[in-house]
Structure formats: C-alpha cells, structure tokens
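Engineer: Mind looking at a prediction? Sequence and model below.
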Amino acid sequence: SEPRPGSWDWRGSPARPAAGAAPDGFAEPAPDGFADVAQAAFDRLGQSQAAFDVGPPSADARATAFPADDAERPGDTTEQPLGAARAQLHETYIVAQTRDGIVIVDQHAAHERIVYERMKAALAEGGIARQLLLIPAVVDLDDADVDRLVARADDLAQFGLVLEAFGPGAVAVRETPGLLGRLDVGALVRDLAEHLAEWDDQLPLERRLLHVAATMACHGSIRAGRRLKPEEMNALLREMETTPNAGQCNHGRPTYVELKLADIERLFGRK
C-alpha cells in the first residue's frame, strides 16, 4: 500500500539496495600467523563447536550468535575501535558492536591482510620460518610452469617455500611457510605458477616478492564459509586493530564497513 501523506517511506531510502544488487567489493575470494591468544584460539578450531545457533540453519540464512546475556559474552570489548563480536553471518561476515554503532568484517579479507603484513615483517627480519614436510608434496604442472618456479626457487625460499624440479612436468615441495600452517600445497604452487606467468620480469625484485607474499597470504587465510568461535572472532578484531593497512585486503577490497547508530536510526526513520 502507498504511504500516508507526510509519513516516512522506507522504499525511498537511499540505502535501500536495488533489486538483484550485490555488495560491491565483497566477492568470495586459507592455521595462520596469529600470536598468543589468537594463535591458541585458532589451534583449537575444529576440536569443539562452541558457537551458538539462532534457530535452525538454512542454506542461505546462517548465523552464529552469542547468548543474549551480556555477562556470558566472551571478550565484551565494545569500547575497542572494532568493538565486540556479536555474531557470524553466512559463515563469512563477523558482526561486532561498538560503543556507538556496528562493524561488519569480511573474515577472509581481514585475515588475508594480517597474514600479508606478518609475512612482510618476517621477510624484513631475515626470512620466514619453514616447516619441513614429512613427505614431499609432488605437484604436476606444465613444463613451462616448472621452469618458472625453479627459476624463482631462491626467491620462494625466502618465504619458506622450498621446491625443486621432480622429473618432467612436476615439482617436489619439501618445506612450506610456517606462518601459513596447514594448507593445500598443490593449490598454492599452481596459483604461484599462474601468477609468475603474468608478472613482468622487469618488475623490481621487491615488487615481485610482495606479489609472492600476497599470493601466499591469500592461501594462508581464513576462508569464507569457515565457522568461527566467539574467541576467534574477537581475536581477529583485536589483531586487525594493531595491523597496518587493516582497512583493506591485499587486492584493495575493504575488510570492514562501519555503521554509526545515528545512521541506522535514520534508516529506520527514528531520527
């Protein structure tokens, strides 16, 4: 029905999304370099499911939320810049409450930036710690890709990725970056080979190394679709607050958006 004369009509709100529109910059883009409590939290992931569900989950509407009682909410830090985590939506976005608004965080984009900055810092300090694979991972590739990777083996070793040619059309990966924890070695190597084919050999070495770091950080980050526990969400928020350039991921997409309470109240015609 048409709104009464002089009444506020939500359909005319500039914030109302157009039909079929998707949030710009949030396309779905893999433990990690968290320290102290953050690392401990992520190490425990999968051992138990402490998240609370709001109603029965469905394929297109899933949320992990905290109990209504504030006293039961772990890490109630609404005075922090990025606030206290209140829920995880669609196993991709963290919703946090701040003193005067809400923050919505893209968990993959945010963690990707954190891992990237940690890799850059470790590289500047002399190199990234490696973890030795008990059994080398053999990755099948085109001969041209093998040649590119082997030619960059010294550069990749600085990031903790140690590989060598393994017969025709394959490489053997013997060590991986410790910062990335467990990861899909084959996917990482194939992705690096694809990017090496695109990067201009005339690029300065530093630029090429940063490209390598960005690619590895993407594979070492929390994926969209991964359910997080309350302490993990809050650990991510606290880590973001101390990470340089935390407002955007390595690809230039925003890692979070903020809505002030006054803006939300205007959307609902309360002000």
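Structural biologist: Ah, there it is.
Engineer: low-confidence ranges in the stretch 51-200 of the chain?
Structural biologist: 51-76, 200 (pLDDT under 70).
Engineer: in it, which spans are helices?
Structural biologist: For the stretch 51-200 of the chain, applying DSSP state H, counting those that start in this stretch gives helices covering 107-124, 143-151, 153-158, 185-198.
Engineer: buried ones in the last one?
Structural biologist: In terms of neighbour count (16 or more other C-beta atoms under 10 Å), helix 185-198 has its buried residues at V185, L188, V189, R190, L192, A193, L196. Where you see a C-beta, it was placed from the backbone N, CA and C, and this is true even at glycine.
Engineer: Quick check: of those, which lies closest to E241?
Structural biologist: Among these, L188 lies closest to E241 (C-beta to C-beta), at 28.4 Å.
Engineer: Tell me which strands the lengthiest strand in the chain pairs with, and in which orientation.
Structural biologist: The residue-count maximum for a strand in the chain (DSSP state E) belongs to strand 130-140. Sheet partners assigned to strand 130-140 using DSSP bridges are listed as strand 170-177 (antiparallel).
Engineer: Specify the angle between the partner strand and helix 185-198 in degrees.
Structural biologist: Strand 170-177 and helix 185-198 are oriented at 100 degrees to each other (axes from the mean of the first three to the mean of the last three C-alpha atoms, to 10 degrees).
Engineer: isn't L133 right up against R174?
Structural biologist: Yes: if you go by C-beta atoms under 8 Å, L133 and R174 touch, sitting 6.1 Å apart.
Engineer: follow-up on the earlier one: rebuild the helices of the stretch 51-200 of the chain as CSV, extending it with distance to Q88.
Structural biologist: CSV is the format used below for the helices of the stretch 51-200 of the chain (distance: least, C-beta to C-beta, whole Å):
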stretch, distance to Q88
helix 107-124, 8
helix 143-151, 37
helix 153-158, 34
helix 185-198, 25
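Engineer: Identify whichever of those helices lies nearest to P230.
Structural biologist: Among these, helix 107-124 sits nearest to P230 (C-beta to C-beta), with 13.3 Å.
Engineer: got the CA coordinates for that closest one in CSV?
Structural biologist: Output in CSV follows, covering the C-alpha atoms of helix 107-124 (Å, rounded to 0.1, in the frame of the first residue of the first chain):
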residue,chain,number,x,y,z
GLN,A,107,36.8,-12.5,7.8
HIS,A,108,38.8,-13.7,4.8
ALA,A,109,39.8,-10.2,3.6
ALA,A,110,40.7,-9.1,7.1
HIS,A,111,42.8,-12.2,7.9
GLU,A,112,44.5,-12.0,4.5
ARG,A,113,45.8,-8.6,5.3
ILE,A,114,47.0,-9.7,8.7
VAL,A,115,49.0,-12.7,7.3
TYR,A,116,50.4,-10.5,4.5
GLU,A,117,51.7,-7.9,6.9
ARG,A,118,53.2,-10.6,9.1
MET,A,119,55.0,-12.1,6.1
LYS,A,120,56.4,-8.7,5.1
ALA,A,121,57.7,-8.1,8.6
ALA,A,122,59.2,-11.6,8.8
LEU,A,123,60.8,-11.1,5.4
ALA,A,124,62.3,-7.8,6.5
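Engineer: Appreciated, that's everything.
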